[in-house]
Every structure is written in C-alpha cells, then in structure tokens.
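Q: just the structure for this:
(chains A, B and C)
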Amino acid sequence: MIGDFKGKHILHGNQFSREDLDRVMKVAEEFEGGLERGGTYDILKGKVLATLFFEPSTRTRLSFESAMLSLGGGVTSVASGATSSAAKGESIGDTALTVSQYAHVIVMRHPEIGSAAEAARVAAVPVINAGDGAGQHPTQALLDVYTIRKELGKLDGITVSLVGDLKYGRTVHALVEILSLYDVRLRLVSPGLLRMPSEIVSSLEGRGMEVRETDDLVKAATESDLLYVTRIQKERFSDIKEYEKIKGSYVIDKALLQKAKKDIVIMHPLPRVDEIAAEVDDYKGAAYFRQVRNGVYVRMALLALVLGAR
Amino acid sequence: MIGDFKGKHILHGNQFSREDLDRVMKVAEEFEGGLERGGTYDILKGKVLATLFFEPSTRTRLSFESAMLSLGGGVTSVASGATSSAAKGESIGDTALTVSQYAHVIVMRHPEIGSAAEAARVAAVPVINAGDGAGQHPTQALLDVYTIRKELGKLDGITVSLVGDLKYGRTVHALVEILSLYDVRLRLVSPGLLRMPSEIVSSLEGRGMEVRETDDLVKAATESDLLYVTRIQKERFSDIKEYEKIKGSYVIDKALLQKAKKDIVIMHPLPRVDEIAAEVDDYKGAAYFRQVRNGVYVRMALLALVLGAR
Amino acid sequence: MIGDFKGKHILHGNQFSREDLDRVMKVAEEFEGGLERGGTYDILKGKVLATLFFEPSTRTRLSFESAMLSLGGGVTSVASGATSSAAKGESIGDTALTVSQYAHVIVMRHPEIGSAAEAARVAAVPVINAGDGAGQHPTQALLDVYTIRKELGKLDGITVSLVGDLKYGRTVHALVEILSLYDVRLRLVSPGLLRMPSEIVSSLEGRGMEVRETDDLVKAATESDLLYVTRIQKERFSDIKEYEKIKGSYVIDKALLQKAKKDIVIMHPLPRVDEIAAEVDDYKGAAYFRQVRNGVYVRMALLALVLGAR
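A: Numbers count the residues shown, from 1 in each chain, chains lettered A, B, ... in the order given. Take a look at the predicted model:
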C-alpha cells in the first residue's frame, strides 16, 4: 500500500494495493488521452531524471526517458556499465546519494537483487527500480496490468495463461503478484524444467487464486482470454536437444490462434525471438507493441506521481 | 520524388526531386536565418527523437541531436554498439517497431546495407538513415548540396571536382546522385585504384552529365569552382609504399590554392587527417567547418518536415 | 583575471581573481536560492551543451548536464571513450572545432594534460575543462571554495587541513591555488610518500600563506575549521604493507571528531572508499554530499556566465 505516491520509491510489485494500481492506471489513462489528442505536458519542467543503468537495457531506459521528456522534464543518462565511481569502489548507497544531488528522481537498473532497495535507503530523491537482477522489475508488471485491462476491458473475472519460462522470468513473477489482487484465473504453461517455483504457486493459491499448471498450450489457449508469452532461453538447458524439442511446442502462430478462444489477446514483454511467429503481428489481438507504448504512459504516471505533479 | 514530407522516411539520395531539394533547402535557410538572428524554436515541443546508433558516429549523432534540441524537441539516445535487445537476437524490424513506441522519429546508423529500409518497412514513425554500411547516408549529401549552393550562390552551371577515394566513399556516391539533378560539370580526381565505379560514371553520363576522370589535381583545380576532398584510407592499399606515394599527390595546401581557380571553394565531409593542410583553414574559401554547421540546419529542416511542423 | 566571462574558456584554477570568484559565487548563490524556492530557469533555452568525455567521469558529466538542464538548455553527450572521429586520427583541435558547430558550449574531459587548452585555442565556443589528466579540474576547485565559504561563512581567517594524498591529487593542487587568494592557514596532513610537491609549498609560502606539513591528523584536526579529505590509492604504493599500515591513520571517524575542533567541517571530493567512516555521515558538519549539490549551482553559474546569460 503506497497511498500518497509523492516522494515514494517504486521497488517491488508487492508494494501496490488495488487502490494504488487504480491511481497509477487512472493517471496513465489521462496522459494517454492527452498525448493522443496531440497535447503536450510541461508539468515536470525544471525536473531532472537520472537513468542509472549498471547493465544495459535499451528499451527500458528509452521508455523512461521518453516518459520524462513527454512531461517536459530533462534527462541525464548513464547508459551502460558500472559508473566510473563504482569502478573505484564506491558503494551503491554513496552512488545513489551522490546522484540524488543531480536529479529529482533516479531510475536504476542493476544486476544484483536488492540493489535498488539499497539505493533507496539513502537516496535523497525517489528511486524507481528498473530491474535488479533476478529480483523485481515492478514497472513492467504495472504496464502489463494496464495493458491487460485496456485490451480486455476489465481485470476481474478473466483467465490468463502465462506461457514459456515461468521459472527464471522476473517479469511473470512480478505480474502474478499483482494479478493476485484481482479475481483472475491463472493457467501456467511451461516445460517441466521451467515451471513456476512451487512456493509462488502455493502463495497464490493461499490467497484464493485458481492456478492450474499444464504443458498443453492448445488446451490453455481454448480456456484463456489472454496469453502472456515469454522467451525460453537456450542457456537454461544443459541438453541442447531437449531445448530444440521443447522450443517448438511453445510457439504462437496462426494455427494456434484458430484453435484458441475467440478474440484471445497475445502479450509478450519483448524482445521476442521465435516464440511468436511474424504472421501473428497483424492479428488484431496481437497486443505486444501496444504493450510497449503503454509502458510510456505508465512510466509517465509514476514519474508524475512520485514527483508530486499528479 | 517525396512531395509532402510528413510521415516519410529519408533513406536514399535518389528519393529526391529538384522540388524536394528546393523544399529542404528553403526550410533549412529559414532555420539558419532564425538562429543567426538569435531566435529559438519550439515547433517540436513534446516530440521525441530516438538516435539509434548500432555503430558509433559521434558527429552525425551530435548533429541530429543538436538539430532536434534546437527545434524544442527531446532526445533519447543509443550511442554505440548493438542495442541490448539486438544482442538477444531481436530483428531490426522488431527493434524499429519497439523504438517507434517511444519516439516520434528515429535516426538510425547501422553497419549493414539496407538496414534502414528494413526498419522503415515496419516502423510506426519516420526513419532517417544516418548511414547503412557501404550503402547510403542521404543527409550528408543534402548538407553538401546546401553548402555548395550557399558557397557558390547556385547549383546550375558550376564545375565540381571530387578528389580522393571515389571508389569506396559512400558520401561521394550519394552526392553525385543529387548533383546529377543539376547542370553540373564533374571532374573525378583519384588514384587509379580508387576510381569512381564505372557503372556510376556511365549512369551519370547517361543522364547527360559532363564527367571527366583524371589524376591531375592541379589541372582539375584550375577548372573547378569547388573541390570536394575525401580521405584516402591506408587500409585500401595492399602495398603501403603505393599508399605513401599516392597520398602526397592529393593534398590541398596553399601552393595548390595559388594555382587553382580564383575563389575556389574547398569542402570535406570530415574528419580529415592530412588531405587538407592546416594552413588552408584560414583561407576564406575553406568551407569544411561551415559545412558541418550547415548539417544542423539541413537536419532541422528534415526533422521539421517529416514531423509535419513545416 | 577573467573579468567579463562571456565567451571565455574555463581551463585552469589560476585564471581567477578574487573578483572573478566573487562573481561566480554570487551567481551560484542566486541559482541556489531560486531552485530552493522551487523556481525554474529558462535562461539558456535554445542553447546546447556538448559534454565531450574522452574518458568516463559519471559524476562530473551528470553534474554539468543537470546544471544545463536546470537552466532550460539542452544537452548532447559523448559519455565515454574516444569519439569515433578521434579514432580515425582527427586532432583535438578539429574535434573541438567540429563540435562547436553543434553546441554553444563544450565541457571536455580528456586524459592528457593541456588537451582542454588545445581545444580552446580553435573552438568557436567556450570550452570548460572538466579534467585534463594530471592537469586541472577547475570547476571542482570552484565548488570546493563555494562550499567552504557556505559552511564556514567566510574564506578569510580560516584554517584548513588537507588530508590524504597531496602528491597526485589534481583536486587539492587546484584548490590551494584558489585558497592562496584568501587569508587561509593551511595544514598538509599526508604520509611521507604522498606529500604535497615542494615547489607548490614554496610557491604558496612565497605568496605569504602559512603552510605547515605534518603526519599527525589529530593535531591538525584540533587546529582546523575544516578537513578536506582525499582518497589514498593503493596503487601509489609499491609495498602493500606500507599501504595497509598508513591507510588506517588517515580515516575520519567519530573518535576523531570528538578530539577535533568543535563544529569542524568535513569535505571530500568523492568517491570515498574507507577514508570517512559511514558513522560520520549524520554528523552535521559532514558536508561532502552538500558539496556535490553545490557543484550543480557553481556549474550553472559558469554556464550562464560564459554564455552571457548572467
């Protein structure tokens, strides 16, 4: 539960209550509408965002920078690699406290779990976690939920299938955390090696969610309003033949769409490689590039909220 | 023939008719005049440029970014190397479609021929090619033509010598394409190894251009209104002695200027190494740094035109 | 003596007279007050800063970029490594002259002594030296003096101890240069291997400064209004045991503060590693993060002054 966002850090998917999510989505919708009507915003004029990326993530960085610019703010950017001070042995806390002297808000990506929280403990300005290793990436989860609601018109009473690598995917772990706040039925579709960790499944069920695990993508697609597809990475497999065999069973193509529930929506956090065939791109339920655009609106909302401009 | 620039991609020197060039140059002149009178522009306020450089090119990137900022727009930048998503196997098309969700216009440099066109096929916003390997770099050709017209006062009825490496130079290939739209006499001055490809020469002659090839720089200089000098790269020669011998014959210095046509103009796409002696820098016809500045005006014009702000 | 800052280069600590420093500090104070009252500035609207970092220095670059953005200007940035043109053999002069076509002011960091001066000789716009190897880093010295005056309320009649590596530290060399313009007593506290070069000490004494060298940190702390602490780098020692032994004697911790002069102020150019214990951070005289913030105000002042906006 965040309540008043002003001055708050955005670190973890479990910070948000339904009321918090409603607030973020409402502000995001306002900005989406404003920009689509050709408007411009000046509400963060004079404010500076520092994007501090200790490992590169082009799309996340550009999305945040575009959001800040679209609100009239300025951006100063560390695009990749350690900062030169980190290389000299500076602690994350000192780096964060230093950068907060230059900026009104920090967006940080770092390879270590907990690094954003460590920065937030001392930073003099809000810190937004843009991915801390195998940890969290809460703004991705927020934009996913925003997209689901926009595509399906609601969050309660829907059935969502998560497809692919559910074991290592930071994205899906944060997403289910947030979906558990709503009346959502989950289908988990993954190869045996890449199943959702059982403690997450138990925790979701403990909160009353209907969760079913399967490796039958077609069956899941017939029951679901939405497929959330993730990439299966070759490097997760010790046996390359096992990978080659499995990969083909988790591909979304037109043949699958014909068997799936009518008007099923397809999402993907991108980049995709082969999990979604190019032929699906002009299907009207293919929402993955709209999902990218929604990320800008949701990040505009977060920046405006933590800086007290909404 | 482009006609209405709004929403168009800028990919290749052969896209432009004389009318298109007139339009770009007229808008560039407007901005040049405005900035020189100390004015500022806000016409791209709220718009975002993404510079997507898969290989570094500091001066081209800075020129575009400066142009965008000078029109009141914002910039988000991938300065070098592949994007992190490309490293994960994402296609150029997906990268372009993703980045078009963050930006209103994309400027792209990529080492492969045709890459900008590939991006443009799917991008949801205008793509400007800032160099695709051995392919095209159309905005360089446009700023060159703008500079020639400004320095000589006209494009029809002039004699231009292209000097140096005419075989591999992407810049000169695009430039002659555009010069062929005007009544220009060409002198091609290069060592035998680095002559303009014969199919280009034939094509120019087929369009009625007077083209003469020579290795006599002095003679060309006495006949020309303008020398367009390019760098001869050591790595083009298998025999280093051949390189050392040739290099010295293609240097512009004060001695050459004394033999050249009165008020001859010297241009160069930069960076130069030894092709133009430093002593030439204070010669009033030395236009190569003015040429750099003109690049900002021409790119301002293109950005404003494709975004529908002129 | 700079006098009218408009169009001037900022290259070296010895450029400044007391009147110049008064001018910079007065403008910095104006901006500090304005921003703290929640104001925004538009006085550099339409102006472009190019940060040209041939070696990375995240905090210096971000500080300048934040300063430019806070005045309403735009930023185009080369964050690290040589420019691609430098890699092709371009001279520093040509790079500077080229970049001055894109920008109204250049901030440059380069590993070689004298590089900023070399750029300034030909650049068409003001060049600000942000560190030239073992040479100068004048804006750091300016922000240090601004901080000292702000923390102590005055510059004349104070006693300052410089602690740590006084041999290699570019920062302290520039700082004493500027402090010598005021009635300041100096204590130099360093291990024998890292003493301030004797020619600098003689020069300061020649200008009438009271300078005392010691390796007794506690004694210096009892006599000083301010400790300026710098990092002792392991790589300066051939004998690692010598380093380990010495390191511990130059650490600022609460025990030291209890023996030190009442209300002593602690400064550090950062990043720190172990020289200042974390327990000191909440001591009210711990000024090192305020010092970082002051850097933004001082750099705002310099940018506004050289661009003629103050």
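
Q: got the residues of the stretch 201-310 of chain A near chain B?
A: A:231, A:270, A:271, A:272, A:273, A:289, A:292, A:293, A:295, A:296 (C-beta under 8 Å from any C-beta of the partner chain). (Glycine included, C-beta is placed from N, CA and C.)

Q: which secondary structure element is home to the last one?
A: Think residue A:296. In this structure, residue A:296 sits in helix A:288-306 according to DSSP states H and E.

Q: got the buried residues for that helix?
A: A:288-289, A:291-306 (16 or more other C-beta atoms under 10 Å in any protein chain shown).

Q: that older thread, between the residues of the stretch 201-310 of chain A next to chain B, which is nearest residue C:101?
A: Nearest to residue C:101 out of those is residue A:296 (C-beta to C-beta; 32.5 Å).

Q: quick check: beta-bridge partners of the residue nearest to residue A:130 when sequence neighbours are not counted?
A: Nearest residue to residue A:130, sequence neighbours excluded (C-beta to C-beta, 6 or more residues apart in numbering or on different chains): residue A:109, at 4.4 Å. Per DSSP bridges, the residues bridged to residue A:109 are residue A:53.

Q: okay, now the domains of chain A?
A: Per automatic domain parsing, the structural domains of chain A span A:13-136+A:293-306, A:139-291.

Q: could I get these as JSON lines with distance to residue B:60 and mean pLDDT?
A: Listed next are the domains of chain A as JSON lines, based on distance: least, C-beta to C-beta, whole Å; pLDDT from 0 to 100:
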{"stretch": "domain A:13-136+A:293-306", "distance to residue B:60": "18", "mean pLDDT": "94"}
{"stretch": "domain A:139-291", "distance to residue B:60": "26", "mean pLDDT": "94"}
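
Q: now the residue sitting furthest away from the middle of chain A, nearest residue through space, not along the chain?
A: Relative to the centre of chain A, and counting by C-alpha atoms, centre = their mean, the farthest-placed residue is residue A:88 at 32.0 Å. Leaving out its chain neighbours, the residue that sits closest to residue A:88 by C-beta to C-beta, 6+ apart is residue C:271, at 5.2 Å.

Q: residue contacts, that neighbour?
A: Shown in contact with residue C:271 (C-beta atoms under 8 Å, 6 or more residues apart in numbering or on different chains): A:85, A:88, A:89, A:90, A:94, A:95, A:98, C:59, C:231.

Q: unless I'm mixing things up, the last one is touching residue C:165, no?
A: Yes - in this structure, residue C:231 is within contact of residue C:165 by C-beta atoms under 8 Å, at 6.6 Å.

Q: if we can go back for a sec, counting neighbours, what do you get for the residue nearest to residue A:130?
A: 25 (other C-beta atoms under 10 Å in any protein chain shown).

Q: wait, it touches residue A:59, no?
A: No - using C-beta under 8 Å, residue A:109 is not in contact with residue A:59; the gap is 11.2 Å.

Q: how much space between residue A:239 and residue B:249?
A: Counting by C-beta to C-beta, to the nearest Å, the gap between residue A:239 and residue B:249 amounts to 63 Å.

Q: just want to know which of the two has more residues nearby.
A: Just comparing residue A:239 and residue B:249: by other C-beta under 10 Å the higher neighbour count belongs to residue B:249, 13 against 9.

Q: OK, contacts around the more buried one?
A: B:191, B:215, B:217.

Q: now do the shared contacts for residue A:109 and residue A:59.
A: By C-beta under 8 Å, 6+ apart, residue A:109 and residue A:59 have no common neighbours.

Q: which of the three states applies to the residue sitting nearest the centre point of chain A?
A: Chain A has residue A:140 as the residue nearest its centroid, 1.3 Å off, counting by C-alpha atoms, centre = their mean. On the three-state scheme (DSSP: H, G, I helix; E, B strand; the rest coil), residue A:140 is labelled helix.

Q: now it. Nearest residue, chain neighbours left out?
A: Residue nearest to residue A:140 in three dimensions, not counting chain neighbours: residue A:171, with 5.3 Å by C-beta to C-beta, 6+ apart.

Q: what's the answer for residue A:10, then?
A: With C-beta to C-beta, 6+ apart, the residue lying closest to residue A:10 is residue A:128, at 4.5 Å.

Q: sec struct for that neighbour, please.
A: Under three-state DSSP, residue A:128 comes out as strand.

Q: now the nearest residue to residue A:12 once chain neighbours are set aside, what's its secondary structure?
A: Using C-beta to C-beta, 6+ apart and skipping residues adjacent in sequence, the residue nearest residue A:12 is residue A:136, 4.9 Å away. On the three-state scheme (three-state DSSP), residue A:136 is labelled coil.
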